[in-house]
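> Return a 3D structure for these sequence lines:
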Amino acid sequence: ATTAGRRAPASSAAAAVNAYTHFVSLPLATPAIREAAAALQARVLAAGGVEEAARVRVERLHVTVCMLRLESEEKIEEACRVLEETQGKLVGFLDGKPLKLRLGPLGTFPEGSTSSTRVIYAQVSDADVQGRLLRFCQLLIDELLARRITSTRSLRDQKIIRDDLTMAPTFHMTLFNARYGTGSPLDIAGLQEMPETEAELGQYVYVD
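Below is the predicted model of the structure:
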């Protein structure tokens, strides 16, 4: 099911993200997806430099759809209602067919920094020629916009939509996060030697 999670406090290196309090995600809990993600995490650890304590546990893996700024309990409750009411539309769109996902290549946040990396993630893209992942998320985001749970300005800031309001997201799965470890920036020097890698992530079955 689609979930709304609360963001944990971040360091000053991610101050720009701190304005967001929650995120909307697709939890990825199938054995095949966990296995593919764990294998990629193992490759990163083998490359050296990244502390294992920063690894995201496979049972917590998810695809982030968007972040939200919910500044009151009323807003949180409203967002939860919207997600619950949207479930039927999402299930109807999929028509019993799973989403097919591809994992990789790797990316880091903040981008372009080798000394202040807080997050290592794998891009998640659509392995379906019909682009069903994008359309699935478009449906979800349209509902959030219609109910004013998010705004076009926020979605532009997150690089989820373009100026003409068309979708342009980079879906991702966080593999390592510095706040799970010692809190120090992640050493990504070893990643520079890793070849670009992509792998079939498997099929994601959305459960109402």
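
> State the three-state secondary structure for Leu106.
Counting by DSSP: H, G, I helix; E, B strand; the rest coil, the backbone at Leu106 sits in strand.

> Settle this for me: it is touching Ile120, isn't it.
Yes. The criterion here is C-beta atoms under 8 Å, and Leu106 meets it with Ile120 at 6.3 Å. Any C-beta I mention is one placed from the backbone N, CA and C, and that applies to glycine too.

> any common contacting residues for those two?
Val44, Leu175, Leu191 (C-beta atoms under 8 Å, 6 or more residues apart in numbering).

> Can you check my assumption that the second one lies in a helix?
What it means is Leu175. No. Assigned with three-state DSSP, Leu175 falls outside any helix and is strand.

> so where's the protein uncertain?
1-18, 29, 112-113, 129, 193-208 (pLDDT under 70).

> Geometrically speaking, which residue is the centre of it?
Against the mean C-alpha coordinate of the chain, by C-alpha atoms, centre = their mean, the closest residue is Thr64 at 2.3 Å.

> Restricting to C-alpha, output stretch 96-107 in PDB.
Extracted C-alpha coordinates of stretch 96-107, given in PDB (Å, rounded to 0.1, in the frame of the first residue of the first chain):
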ATOM      1  CA  GLY A  96      -4.500  -6.500 -11.300                       C
ATOM      2  CA  LYS A  97      -1.200  -6.200 -13.300                       C
ATOM      3  CA  PRO A  98       2.000  -5.500 -11.400                       C
ATOM      4  CA  LEU A  99       4.400  -2.600 -12.000                       C
ATOM      5  CA  LYS A 100       7.700  -3.600 -13.500                       C
ATOM      6  CA  LEU A 101      10.700  -1.800 -12.100                       C
ATOM      7  CA  ARG A 102      14.400  -1.400 -12.900                       C
ATOM      8  CA  LEU A 103      17.000  -0.500 -10.300                       C
ATOM      9  CA  GLY A 104      20.100   1.700 -10.900                       C
ATOM     10  CA  PRO A 105      22.300   3.500 -11.600                       C
ATOM     11  CA  LEU A 106      23.500   4.900  -8.200                       C
ATOM     12  CA  GLY A 107      23.200   8.600  -7.200                       C
END
